[in-house]
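Asker: using only what follows, build the 3D model:
(chains A and B)
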Amino acid sequence: MSEPLISLTEVTRRFGTGAAAFQALRGVDLRIDEGDFVAIMGPSGSGKSSLMNILGCLDTPSGGSYRFRGLAVESLSRDQRALLRRHALGFVFQGFNLLARTSAQENVELPLLYRGEPATQRREHARAALASVGLDGWGHHSPAELSGGQQQRVAIARALVTGPSLLLADEPTGNLDTERSREIMNLLTDLNRDKGITVVMVTHEADMAEYAHRVVRLVDGRIASDVRQAERQDGGGRA
Amino acid sequence: MIWNALLLALREIRRNLMRSFLTILGIVIGVSAVITMVTLGNGATRAVSDQISSLGSNLLIIRPGQHLGPGRDSAGSAAFKVADADALRNQVNGLAAVVPVSSKSVTLVAMSRNWSAGVTGTSRDWFSAGKWQIASGRVFNEAEERAGAAVCVIGETVRRELFGGLDPVGRKIRVKQFSCEVIGLLTSKGQSSMGNDQDDLVAMPLRTVQRRLTGSVDVATLMVSVRDDASMDLAKEQITWLMRERRHIGPGDNDDFSVMDTRQIAETLSSTTKVMTGLLGAVAAVSLLVGGIGIMNIMLVSVTERTREIGIRLAIGALEREVLLQFLIEAVALASLGGVVGIILATMASISGAALMHVPYLFNPVINLLSFGFSAAIGVIFGYVPARRAARLDPIEALRHE
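Answerer: Coordinates of the predicted model:
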């Protein structure tokens, strides 16, 4: 593989100025290849969220460089980053972040709407995405009518529907019980393996991180460890 | 994208139906008030001019004093005499009739009922000049006019009030100290545009009114009908010239009387209604503005309330201008909806109001389009600030918003 999907070099992120300044990232070097499944771990305030925001092109580094497929993200405008998110990234959040009072189907169609897909194609793609997360026939339900696990599946369907190269999951199981968490992790694992989607996930739960191929630990805005772990077998837990 | 934004906006409006309704209420009231005021005003203006031109385009009204209408009075100008009418009749070419008119308001008594009405003293030509038809009986003849006989022709309302369903011809009415024989009944003309009852009248020979009611030989108004083959302008010029001479007005002095044709009278009267229409319309326009501020207020609340939603949209790749457009279109859709509802309401109010006021309902496409356009423009103007606020949100902050 010639070019990594993600390449961070000496990335820093500083909030505020002067005495009140807070250094969230203090020089992060990170390479993530296409098809990888990375878990980012670390205590609160270690810079996980800042790193995720930068990886997700929602934020730009204060220093250093972020290349996405060789493209220098820090030099892109706000709208160019939006287009990059639209075409290459998918987001899954801890709080699901579905539009309330809007059916699952319409939630999944939303990114396609911004892509300007015609209505019939949009409906078809959204239905297929919902089917791929095991929610065939649930499209007409509103988020309030779905369980937490189902809502997160809808959110994953929404992230997948555009066929992104990178799926960013911020504590995707944070609001779910163990059983539901396991289902979501299995779903992410399947997507990574079967569709070749690169997954980067922030979690503070060690047993969720075990699903990943690689675990990056952040401490005080720096990478403390970067461990590649053996691929786990589906279903079973680890000792 | 615009079509999608419109669908999204409509979905949003439907989602908060009650709030949307309250939001557009200001616009609805504003638009319907503007349109109703202007439509009814136009109807009233039209009714006035219709009524006056129904008197015929060949009619001239001569009154002492200058100008007809508010703010001017004829006091100080000498009244006309019957001799003036005779002079006009004899010395001006091309006149079909010269009708002197004097009136007085009196109480009428008949069959132990009484009724207040205006008595018009005039000549028999008055009936043809005013386009009156006789329903039964006859109008007074030349001998009765010359003698100042106690005879009268009454309108439908007077008959109803004094005689009920009976035929009034041949019966007596007491007018002040004298008794007057009803010789004719006029065909009903109905209510006039200004709301007054045209059938509430009694016509008597001029001399009868002068001797027995007003007690003077003054003539309040001279009505002149010009022959169809004669020139109105020429007749007006000759009349003016003659009257100046008769009233001893020196060269360079202003006329102390006015000669107006029916078109001028209509214009004078309708200018009053136009001013009223304008004022009421302006008040209504202010309520449109207030409606616009209401929309801005709700849109700002909506943006705050939907911060998280905006964050989601931005995160999945919505451009700044797409979010701006979404909220702008939502504001415009709301405002336009208010405009449409307002137009529907105004149409209903105008039709029933016109029927109630006895004025014609005139659909005015200009004011309808203008109001609709204005409400949509209000949506753009007052929706822009909230929409820009939404579009400029930081996606990270917005997603974190509770």
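Asker: for residue A:102, phi and psi?
Answerer: phi -130, psi 130 (degrees, to the nearest 10).
Asker: that one reaches residue A:142, doesn't it?
Answerer: Yes. Assessed by Cβ atoms under 8 Å, residue A:102 is found in contact with residue A:142 at 6.6 Å. All C-beta spots, glycine's among them, are computed from the backbone N, C-alpha and C.
Asker: comparing these two, which residue is more hemmed in?
Answerer: The neighbour comparison of residue A:102 against residue A:142 (other Cβ atoms under 10 Å in any protein chain shown) goes to residue A:102, with 18 against 15.
Asker: any idea how far the more buried one is from residue A:30?
Answerer: As for residue A:102, its distance to residue A:30 is 35 Å (criterion: Cβ to Cβ, to the nearest Å).
Asker: now swap in residue A:120 and tell me
Answerer: On the measure of Cβ to Cβ, residue A:120 and residue A:30 end up 41 Å apart.
Asker: before we move on, what about residue B:197?
Answerer: The value you get for residue B:197 to residue A:30, if Cβ to Cβ is used, is 94 Å.
Asker: neighbour count winner among these two?
Answerer: residue A:30 (20 against 16).
Asker: tell me how many other residues surround residue A:22.
Answerer: Residue A:22: 11 neighbours (other Cβ under 10 Å).
Asker: across the sheet, point out what pairs with it.
Answerer: residue A:15 (DSSP bridges).
Asker: who touches the residue of the stretch 151-300 of chain B found nearest chain A in this structure?
Answerer: Nearest residue of the stretch 151-300 of chain B to chain A: residue B:298, at 17.4 Å (Cβ to the nearest Cβ). Each residue near residue B:298 by Cβ atoms under 8 Å, 6 or more residues apart in numbering or on different chains is listed here: B:19, B:22, B:23, B:334.
Asker: equivalent analysis for residue B:176, please.
Answerer: B:106, B:107, B:212, B:213.
Asker: low-confidence bits of chain A, can you list those?
Answerer: A:1-2, A:231-239 (pLDDT under 70).
Asker: that one: helices as residue ranges?
Answerer: Here chain A has its helices, by DSSP state H, at A:48-55, A:78-88, A:104-115, A:119-132, A:148-160, A:178-195, A:206-209.
Asker: among those helices, which comes closest to chain B?
Answerer: It is, among these and with distance given as Cβ to the nearest Cβ, helix A:78-88, at 2.5 Å.
Asker: contact partners for residue B:312?
Answerer: A:97, A:98, A:99, A:110, B:399.
Asker: redo that, cut-off 10 Å
Answerer: A:91, A:93, A:96-99, A:107, A:110, A:155, A:158, B:306, B:318, B:395, B:398-399 (Cβ atoms under 10 Å, 6 or more residues apart in numbering or on different chains).
Asker: need the nearest residue in space to the residue most central in space within chain A, chain neighbours excluded.
Answerer: Residue closest to the mean C-alpha point of chain A, counted by Cα atoms, centre = their mean, is residue A:168 at 1.0 Å. In space, and not counting its chain neighbours, residue A:168 is closest to residue A:56: 4.8 Å by Cβ to Cβ, 6 or more residues apart in numbering or on different chains.
Asker: pretty sure the one you found contacts residue A:170?
Answerer: Yes. Counting by Cβ atoms under 10 Å, residue A:170 is a contact partner of residue A:56 at 8.4 Å.
Asker: do I have it right that residue B:346 meets residue B:371?
Answerer: Yes. Residue B:346 sits in contact with residue B:371 when judged by Cβ under 10 Å, with a separation of 7.9 Å.
Asker: now do the shared contacts for these two.
Answerer: The contact lists of residue B:346 and residue B:371 share B:31, B:32, B:33, B:34, B:35, B:38, B:284, where a contact means Cβ under 10 Å, 6+ apart.
Asker: how much space between the third one and residue B:345?
Answerer: With distances taken as Cβ to Cβ, residue B:33 is found 9 Å from residue B:345.
Asker: what about these two, which has more around it?
Answerer: Using other Cβ under 10 Å, the more surrounded residue of residue B:33 and residue B:345 is residue B:33, with 23 against 17.
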